[in-house]
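*Asks:* just the structure for this:
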Amino acid sequence: MEDVDVRSQLNRDQLEEYIAPFLGRLEAVLKKALADSGLQPSDLSSVEVLGGSTRVPAVFKLAQDVFGQVPSRTLNAKEVVSRGAALQCAMISPLIKVREFDVQDAVPYGVALNYENKDGEPKTDVMFAKDSPFPSKKAITLLKSEAFKVELVYQQDEAIPKVFSRTLGTYSVQLPRTDDKRKVKLIIGMNLHGLASVESAMLHEDEEYDEPVPVQKIVEPAAATVDTAAANGPAAAAAADGEAPMEAEPSVESAAGGDSAAPEDGPAPMEAEAAPAAQPAAQPAAAQPQVVMEKKKRIKKTPLTVAASQVAGRSQQQINELFEKEGQMQSADKLQEDTNEAKNTLEAYIYDLRNKLYEGLGPYVQETEREALSAQLSAMEDWLYDEGEDETKSTYVNKLEELRAKGDPIEARAADDAARPAAIEELQSIVNQYLQLADSSLPAHAHFEGSDRETLRREAGAALEWLNEKVALQAQLHKYDQPMLTTADIHKKRDVVERVCKPIASKPPPKKEQPAPAAQPAGQAASAAEAQQGAAAGGDVAAPMEEEAPAAETSMEQ
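*Replies:* Just a heads-up that it's a prediction; the model follows:
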């Protein structure tokens, strides 16, 4: 076969001639972007060029001519878009914490709302003007007396092809019919994906309610004085009128000389304490709060149902069906992953067991059994790469269990043979400890009774005899034979010995009885009791001695 070298040359002038139509389209885009921004080239502080096409000198020069300055290349022209997208995803994700950057997206096409005003005339209001930032939300209040519809549409824009519909969606608001028009507040939002929709509708109604309002009522001082005087009797009433209370004195004298007078040494009776004294100057009574119900108004908000129709995209039923298909695909992927894992496990077991049969597991398998198992492994390997290349998970699992039924007993014999010496040594050590404890004459073991020592000798001796017998039988077998003494049997015998002997070995010695204190004479006991009482009272034990001294002096004077 002959090789043909294809080679061609293209100079810069020829390339610019070929791309001239594309440069004209690019120039129109740049000028339109500058015009839409409302800025002049002199208002721009810097211009950054991105993308691999900006490396073409003609493109770079075109940007310089349109914006009136040399564009800069401070950013990585190939990676800047992907880095910005990754940063935006990290800001949105709840799992990644990054520094917040203010990224303002601009509305590419203006969005307006078509509706009927209170007079039933069609009207259009711009909700999101072109080049305004989003995400954003707008609210509009309409006067309606029954259910109505509104429509979100694109504004007139030459950039939107005429073949595309300008309608973004029609929204029906459910409102019970009434005679009066009521306020309905619509919330129109544009989310971070640039999708506009009527998010909610709320009915606003004025509602009257009663609110308790406290009122302070102040009693007049004169009225309070008259009421108090009338309650206390004629004398108090006369005092209230300005007369001297002359009649009050005889009553005091009669109370002092009558039968009800208090004894000289005793306290005055309760009635005497309640005798009226000189009345102080009348003061205003405390304010008495009262509650008055006052009518007030508030706005009652009731959410309304909004139904969308003719909305671009898929219906909820279609979305649910897609979610179901996605779940099925995820289940299929999970099953495929499990199948691949089962296949890999089978393949790894074939290689591992075949190598071990001639290395570590060689002494634990007979020659005929090793040759038969090795042939079976080779046949399974051939099947795996031929007919079993694309089988189900259950098939691989069954094939693996078939091999393990022959390989696991061999590996179990090897593992038991490796762990058996340590288990034998452990059981011998435990048995010897209990035998020594049974024959011990140390003072710390003197509290063991004869029955306890006999139990220790019997259990430990039986375990040691069983172990020696099993070890002798095992020594007569080959490593590939079924073992007569397994590690599990040794551990089971150890647990039996521990369960019987350990409670006896851990039995504490009996506590020594303390001798009873000697009896004290009655006089000493009484003195000790008085001393304790004096100490409890503050340590004043010498008080009785001071009382005896005056008694002795008195007797001598007599």
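
*Asks:* report the buried residues of stretch 350-359.
*Replies:* 350, 353, 354, 356, 357 (16 or more other CB atoms under 10 Å). Using the backbone N, CA and C atoms, a C-beta is placed for each residue, glycine as well.

*Asks:* ditto for stretch 153-161
*Replies:* Applying 16+ other CB under 10 Å to stretch 153-161 flags 153, 154, 155 as buried.

*Asks:* coming back round to it: ok, the buried residues of stretch 350-359 vs residue 336, which is closest?
*Replies:* residue 350 (21.5 Å; CB to CB).

*Asks:* is that closest one in contact with residue 382, as I believe?
*Replies:* No - in this structure residue 350 lies outside contact range of residue 382 using CB atoms under 8 Å: 10.3 Å.

*Asks:* coming back round to it: between the buried residues of stretch 153-161, which sits nearest residue 475?
*Replies:* Using CB to CB, these come closest to residue 475 at residue 154, 94.6 Å.

*Asks:* what pairs with the closest one across the strands?
*Replies:* Taking DSSP bridges as the rule, residue 154 bridges to residue 111.

*Asks:* surely it meets residue 113?
*Replies:* No - Residue 154 lies out of contact with residue 113 (CB under 8 Å); the separation is 11.5 Å.

*Asks:* what is the host helix or strand of residue 415 packed up against?
*Replies:* Assigned by DSSP states H and E, residue 415 belongs to helix 393-438. Here helix 393-438 touches helix 316-357, helix 367-385, helix 450-475, helix 487-505, going by 3 or more CB pairs under 8 Å, 6 or more residues apart in numbering; DSSP states H and E.

*Asks:* need the strands for the stretch 201-350 of the chain, in chain order.
*Replies:* Applying DSSP state E, counting those that start in this stretch to the stretch 201-350 of the chain gives strands spanning 288-304, 306-309.

*Asks:* turn these into TSV, columns for distance to residue 397 and mean neighbour count.
*Replies:* Converted to TSV, the strands of the stretch 201-350 of the chain look like this (distance: least, CB to CB, whole Å; neighbours: other CB atoms under 10 Å):
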stretch	distance to residue 397	mean neighbour count
strand 288-304	55	11
strand 306-309	50	14
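
*Asks:* could you tell me the least trusted of the ones you listed?
*Replies:* Of all these, mean pLDDT reaches its minimum on strand 288-304 (a mean of 83).

*Asks:* contacts for stretch 146-155, please.
*Replies:* With contact meaning CB atoms under 8 Å, 6 or more residues apart in numbering, stretch 146-155 is reached by 109-116, 124, 126-127, 130, 142, 160, 166-178, 184, 186, 188, 196-198.

*Asks:* of those residues, buried ones?
*Replies:* Of the contacts of stretch 146-155, these count as buried by 16+ other CB under 10 Å: 109-113, 115, 127, 130, 142, 166, 168-173, 175, 184, 186, 188, 196-198.

*Asks:* what average pLDDT does the host helix or strand of residue 88 get?
*Replies:* Assigned by DSSP H and E, residue 88 belongs to helix 80-92. Regarding helix 80-92, the rounded mean pLDDT is 87.

*Asks:* same question for stretch 373-389.
*Replies:* 91.

*Asks:* run through who's touching it.
*Replies:* So stretch 373-389 is in contact with 343, 346-347, 350, 353-354, 357, 365, 395-396, 399, 403, 406-407, going by CB under 8 Å, 6+ apart.

*Asks:* please produce JSON lines containing these, extended by distance to residue 418 and pLDDT.
*Replies:* Formatted as JSON lines, these follow (distance: CB to CB, whole Å; pLDDT from 0 to 100):
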{"residue": "343", "distance to residue 418": "31", "pLDDT": "94"}
{"residue": "346", "distance to residue 418": "26", "pLDDT": "94"}
{"residue": "347", "distance to residue 418": "27", "pLDDT": "94"}
{"residue": "350", "distance to residue 418": "24", "pLDDT": "94"}
{"residue": "353", "distance to residue 418": "18", "pLDDT": "93"}
{"residue": "354", "distance to residue 418": "21", "pLDDT": "91"}
{"residue": "357", "distance to residue 418": "17", "pLDDT": "90"}
{"residue": "365", "distance to residue 418": "15", "pLDDT": "91"}
{"residue": "395", "distance to residue 418": "34", "pLDDT": "94"}
{"residue": "396", "distance to residue 418": "30", "pLDDT": "94"}
{"residue": "399", "distance to residue 418": "29", "pLDDT": "93"}
{"residue": "403", "distance to residue 418": "22", "pLDDT": "93"}
{"residue": "406", "distance to residue 418": "20", "pLDDT": "92"}
{"residue": "407", "distance to residue 418": "17", "pLDDT": "92"}
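
*Asks:* highest neighbour count among those?
*Replies:* residue 365 (25 neighbours; other CB atoms under 10 Å).

*Asks:* is it true that that residue touches residue 411?
*Replies:* No - taking CB under 8 Å as the definition, residue 365 is not a contact partner of residue 411, at 9.9 Å.

*Asks:* thinking again about what came up before, of all the helices and strands packed on helix 393-438, which one comes closest to residue 431?
*Replies:* helix 450-475 (4.6 Å).

*Asks:* for the closest one, what is the distance to the chain centroid?
*Replies:* 58 Å (CA atoms, centre = their mean, to the nearest Å).

*Asks:* and that helix, what does it pack onto?
*Replies:* helix 393-438, helix 487-505.
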